[in-house]
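K.L.:
3D, please:
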Amino acid sequence: MSRPSDHIDSAPPREDPDVVQPKLGPLGWLRWFWRQLTSMRTALFLLLLLAIAAVPGSLVPQRSSDPNGVTKYFTDNPSLAPVLDKLQFFDVYTSVWFSAIYLLLFASLIGCIIPRTRHHFDAMRAKPPKTPVRLSRMAGFQSRILPADLRGRGVDPIVSARDVLKANHYRVALYQDARSTSVSAERGYLRESGNLVFHIALLGVLLAIGVGGGFGYTGQKIVVEGQSFVNSLPSYNSFNPGRFFSDSSLAPFSIAVNKLDVAYETRNQDAIGTPLDYTAHVTTNGPGDARANTVIKVNDPLAIGGTNVYLLGNGYAPTITVKDTAGKVVFSDSVPFIPQADPNLTSLGFVKIPDGLKEQVGMIGFFYPTVTASQTAQGALASKFPGLRDPVLSLNVYAGDLGVDDGVPQSVYSLNTDTLEQLAGPPTKTKALELKPGQTVELPNGLGTISLDGVKRFATLEVHHDPAQVWVLLFAVLILLGLLTSLFVPRRRLWVKAIENADGSLTLEYAGLARGDDPNLLAAVTAVADQHSRVLTGPPTT
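P.N.:
Take a look at the predicted model:
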């Protein structure tokens, strides 16, 4: 069968005249950029990008928290470390690129929150929307007939429906047209309020972290048993202040480490030497000469002077005494030896004696808490247990100009041997000095004697001051509450309409509409309809 000659399968293409879109000026481009920046999609992307940007901070040591680790990284990776340094990988959280993401996320959240807050308050003040003409198209639709004989009981159907909805915490409004009267109700504005609280609290966390980082500080100090630490700048081994830090923010307090108890696993053969517990017994002196005896554990910091003092680690501090040829003491101190990458606490330390001997002497020492022969290097020593069972101190001796008189500050945890003459220890023919507690040996070249008087422990303390930590906690709680509210509070609308019938009866229609997924909507409509029916058909109220 042929089609009519005037049949058209589809409309001919529309021929529009050429449209020339006007070019955006500077103001137009700014508006476009601001709209893109303040979109929720951009905010989520920046939040994800911020999390990714923080990853390098956990992969490489940071100058703000582990300056010694950064130095060691440069030593172990001489070619890679300078490249990472130029990319600011050792200062991730103060780098240009991390700060840029942080500030863009800050601006994006502000741009999202302000218009949404204004729109939310306008919606809360507005009346519920007018009842739709055809409720049968809405979810949970049902209708019930109110006989004419029940209408004369003095109960207005719509007024009673309004009361039922109010009792169920709905906002209501009455509407009337030619054939019907109705009540429109809605609830669930708390859902959007929780959403706004979530975003505002997230903004508060970012702001609090920024303020805390700017006005806070972090410092580390190694304190030997029997010694004290005073909260002042010269006392710290390393100190990392915030951008707006001032010396006046250091609270006046001191901490004396009386004893450090360390428990190791000794029964389980598969975990011999595993540390079980660290406990530092300390005496604190706070403002107003407040004195107290307390303890610091690894996961139980000490709160004092607006700071938290953490116990990060521990090690050994051999007490070394050096005498000249006349028997005069020229050096006597408990020198902290830093544990190396060894679970059995093989430790490295440095001793510098600039005065008192015929020439300046420097020593590089290795301390073995429980000495044994090394399994990897012939003739070398190692430690087989981290506890003090058979301690030995081994010293390589150097002589010459230590450079301490040049006026350039030196680290007590390093020794530059480039200009020094090695007197003892490999690769010289003279064996390294080895001492056990209570032993005294001669120094090379008749320089004097050195003795190991004993071994003390030291505690590595980290003092952290963050003036915004309470605010961070508060905003974190608000984030959780806002998120839970936005997830579990349903946003829905309900309508009840009364339609006059020719026989004098009324048709009562009930329906609802949810914003988003609401599996309980149908049950909510039925519950309101049942409550309303009980009011209309129950005993009359007086």
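
K.L.:
all strands of the stretch 1-150 of the chain, in order?
P.N.:
139-146 (DSSP state E, counting those that start in this stretch).

K.L.:
residue 96 contacts residue 87, correct?
P.N.:
No: using C-beta atoms under 8 Å as the test, residue 96 is too far from residue 87 to be in contact (10.0 Å). (C-beta placed from N, C-alpha, C; glycine too.)

K.L.:
who's more crowded, these two?
P.N.:
residue 87 (13 against 8; other C-beta atoms under 10 Å).

K.L.:
how near is that one to residue 324?
P.N.:
Using C-beta to C-beta, to the nearest Å, one gets 51 Å for the distance from residue 87 to residue 324.

K.L.:
ok, residue 397 next?
P.N.:
Computed as C-beta to C-beta, the residue 397 to residue 324 distance reads 15 Å.

K.L.:
quick one, which of these two is more surrounded?
P.N.:
residue 397 (25 against 17).

K.L.:
so for the more buried one, what's the pLDDT?
P.N.:
pLDDT for residue 397: 96.

K.L.:
begin at 58 from here
P.N.:
Sure thing, new numbering starts at 58, so read that last one as residue 454.

K.L.:
so it, which of the three states?
P.N.:
Under DSSP: H, G, I helix; E, B strand; the rest coil, residue 454 falls in the strand class.

K.L.:
so what pairs up with it in the strands?
P.N.:
residue 420, residue 481 (DSSP bridges).

K.L.:
wait, it touches residue 479, no?
P.N.:
Yes: counting by C-beta under 8 Å, residue 454 does reach residue 479; the two are 7.3 Å apart.

K.L.:
show me what contacts residue 393?
P.N.:
Going by C-beta atoms under 8 Å, 6 or more residues apart in numbering, residue 393 touches 279, 281, 372, 373, 374, 406, 515.

K.L.:
count of neighbours near residue 359?
P.N.:
Neighbouring residues of residue 359 were enumerated by other C-beta under 10 Å; the total is 21.

K.L.:
for it, which non-adjacent residue is closest in space?
P.N.:
Computed as C-beta to C-beta, 6 or more residues apart in numbering, the closest residue to residue 359 that is not its neighbour in sequence is residue 366, at 4.3 Å.

K.L.:
show the contacting residues for that neighbour.
P.N.:
Contacts of residue 366 (C-beta under 8 Å, 6+ apart): 312, 353, 358, 359, 360, 518, 519, 520, 521.

K.L.:
surely the fourth one touches residue 339?
P.N.:
If I follow you right, that is residue 359. Yes: between residue 359 and residue 339 there is a contact under C-beta under 8 Å: 7.1 Å.

K.L.:
mutual contacts of these two, please.
P.N.:
Contact criterion C-beta under 8 Å, 6+ apart; residues shared by residue 359 and residue 339: 312, 351, 353.

K.L.:
how much space separates the second one from residue 518?
P.N.:
According to C-beta to C-beta, residue 351 and residue 518 sit 13 Å apart.

K.L.:
show me where the protein has its helices.
P.N.:
83-94, 97-110, 113-116, 124-133, 137-143, 153-182, 214-224, 246-272, 526-545, 578-594 (DSSP state H).

K.L.:
state the mean pLDDT of the fifth one.
P.N.:
The average pLDDT within helix 137-143 is 92.

K.L.:
next: the last one.
P.N.:
For helix 578-594, the mean per-residue pLDDT is 92.

K.L.:
low-confidence ranges in the protein?
P.N.:
58-79, 125, 208-211, 345-347, 464-466, 596-599 (pLDDT under 70).

K.L.:
now for residue 91: which residues touch it?
P.N.:
With C-beta under 8 Å, 6+ apart, residue 91 has these contacts: residue 168.

K.L.:
let me know the distance separating it from residue 163.
P.N.:
For residue 91 relative to residue 163 (C-beta to C-beta), the value is 14 Å.

K.L.:
residue 474 too?
P.N.:
50 Å.

K.L.:
same question, residue 273
P.N.:
19 Å.

K.L.:
these two: which is more packed in?
P.N.:
Taking neighbours as other C-beta under 10 Å, residue 273 and residue 163 compare with residue 273 leading, 22 against 15.

K.L.:
sorry, back to before: turn the contacts of residue 393 into TSV, including distance to residue 157.
P.N.:
Converted to TSV, those look like this (distance: C-beta to C-beta, whole Å):
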residue	distance to residue 157
279	37
281	44
372	40
373	45
374	44
406	43
515	41
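
K.L.:
which one of those residues sits closest to residue 572?
P.N.:
Distances from residue 572 to the contacts of residue 393, taken as C-beta to C-beta, are shortest for residue 279 (59.8 Å).

K.L.:
excluding chain neighbours, what is closest to residue 247?
P.N.:
In space, residue 247 is closest to residue 546, 4.9 Å off (C-beta to C-beta, 6+ apart).

K.L.:
an error on my part: the question was meant for residue 449.
P.N.:
Closest residue in space to residue 449, ignoring its immediate chain neighbours: residue 428 at 4.1 Å, by C-beta to C-beta, 6+ apart.

K.L.:
which ones are touching that neighbour?
P.N.:
Residue 428 touches 438, 439, 440, 441, 447, 448, 449, counting by C-beta under 8 Å, 6+ apart.

K.L.:
which among those residues count as buried?
P.N.:
Among the contacts of residue 428, the ones that count as buried by 16 or more other C-beta atoms under 10 Å are 438, 439, 440, 441, 448, 449.

K.L.:
which pair of those residues spans the longest distance?
P.N.:
Farthest pair in those, by C-beta to C-beta: 439 and 448, 13.0 Å.

K.L.:
what subset of the shared contacts of residue 359 and residue 339 is buried?
P.N.:
Buried among those by 16+ other C-beta under 10 Å: 312, 353.

K.L.:
for the shared contacts of residue 359 and residue 339, give me CSV that also has distance to residue 173.
P.N.:
What follows is those, written out as CSV (distance: C-beta to C-beta, whole Å):
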residue, distance to residue 173
312, 49
351, 48
353, 46
